[in-house]
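Novice: Mind looking at a prediction? Sequence and model below.
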Amino acid sequence: MSVKVAIWGSNISGGFLRSTADQTKDGSFAYNLRLAQLADRLGVDAILFPTRYLGGLGGSDAAGGQLDSLTIVGALAVHTRQVHFISAVLPAFVPPVTLAKMGATLEQITSGRWHVNLVSGWFQEEQEMFGIPWISHSERYRRSEEYLQVVKGLWQKEEFSFEGEHYQIRGGKMRPTPVQKPYPAIFQGGNSEEAQEMAGKFSDWYFMNGASIEELRPQMERVSEIASRHHRRVRFAVNAFVIARETEKEAQEEFRYIVDHADVTAINKFKNYARGAAGMWSRAASISDFVANNEGFRTGLIGSYQQVRDKIRELQLAGVEMILTAFRYPVDELPLFFEHVLQKKLGAESCNAQEKRA
């Protein structure tokens, strides 16, 4: 199976389920080191580290706070060999020149295994509590488009100038440049028309919230059409919360248990926070759509190992090239997922090494 598999990093405490059902909630560096080394041995393609300055992503218990999505990569990179790292970045918090410098540095540390996921930002309270002026949805995407032009220009040109509404660069020079050429792949999410327009013009990968293939296909078609007009190609990734078990009955029982224990307080709080996220969660209807982070249950990777494998194949045939996965217990479930769904087994030597490190 050639589809790429990425996992969520756990730099934000609280887990990825808005449910009182037990789950891994550890957001410590020690846990992320263990997760990254396991991912490296298994052959996980990439780890996406989300960004948050307030609260969590899924579970309401985010008492452990949030580790920065950029600096954690520098620490983990020296303990891994092949897994790639994707750092989510909010333009309002990290100026483009700062990201360009930090990104080029991370490229040196990782030997070309770093990428950026630009998040235009929908969490108004998070920005205003730090004194960042809140701007409209369309304005946030215009800022993001300028942001990517600045970052790309500094990475690619000997001397770069830019005159925009939000950023001005006058003969900027930056060394060293990234290892990956012409620059590290840029990931981006968002379901609005502005997000799709930006992806088609400036991004390399378009992240989609969990959804059925029937809902994913129009998004991919529109972004591809925009990219084609600009003589570009954009690749597609979809978010999915995985419950893969030996039998469909086991998987469905676990899914039902998680949803039956939905944390309604956390869900309602999230809905209130996300009210300004145009396009995002627009198709979410049932409570289960909000239990897993980024509508992860809606992709449908719930069932027997064979059923989940078949669903991934359907997504791949529809044009999805990467699955961004989350699990209730990532360290325990990832080896089983690779062995039984992807049919890639962790070798005995690596297993012994893993046991010694645990």
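Specialist: Looks like it came in fine.

Novice: Please identify the helix or strand for the residue sitting nearest the centre point of the chain.
Specialist: Nearest to the mean C-alpha position of the chain, by C-alpha atoms, centre = their mean, lies L48 at 4.6 Å. Using DSSP states H and E, the element containing L48 is strand 46-49.

Novice: quick revisit: for the residue nearest to the centre of the chain, what are its contacts?
Specialist: Applying C-beta atoms under 8 Å, 6 or more residues apart in numbering to L48 gives the contacts 6-9, 86, 88, 117, 187, 324. All C-beta atoms are positioned from the backbone trio N, CA, C, and that covers glycine.

Novice: Could I get the full set of helices for the protein?
Specialist: Ranges of helices in the chain, per DSSP state H, are 29-42, 71-77, 96-110, 124-128, 137-156, 193-202, 213-229, 248-260, 264-273, 288-291, 305-318, 330-336, 348-357.

Novice: Show me which residues of the third one are buried.
Specialist: Applying a neighbour-count criterion of 16 or more other C-beta atoms under 10 Å, the buried positions in helix 96-110 are 96, 99-104, 106-107, 109-110.

Novice: now do stretch 71-89
Specialist: Using 16+ other C-beta under 10 Å as the test for burial, stretch 71-89 gives 72-74, 76-77, 80, 83-89.

Novice: Give the rounded mean pLDDT of that stretch.
Specialist: The pLDDT scores in stretch 71-89 average 98.

Novice: Check stretch 120-128 too.
Specialist: Per-residue scores along stretch 120-128 average to 89.

Novice: what's the spacing between that stretch and its chain's center?
Specialist: From the chain centre to the centre of stretch 120-128 is a distance of 18 Å (C-alpha atoms, centre = their mean, to the nearest Å).

Novice: Any idea how many residues pack against L324?
Specialist: For L324, the count of nearby residues is 27 (other C-beta atoms under 10 Å).

Novice: on that earlier part again, could you single out the nearest of the contacts of L48 to P133?
Specialist: A88 (21.2 Å; C-beta to C-beta).

Novice: For the closest residue to V83 other than its chain neighbours, list the residues it contacts.
Specialist: Among residues not flanking V83 along the chain, D40 sits closest, at 4.5 Å (C-beta to C-beta, 6 or more residues apart in numbering). Contact analysis of D40 by C-beta under 8 Å, 6+ apart lists 80-83.

Novice: Many thanks, have a good one.
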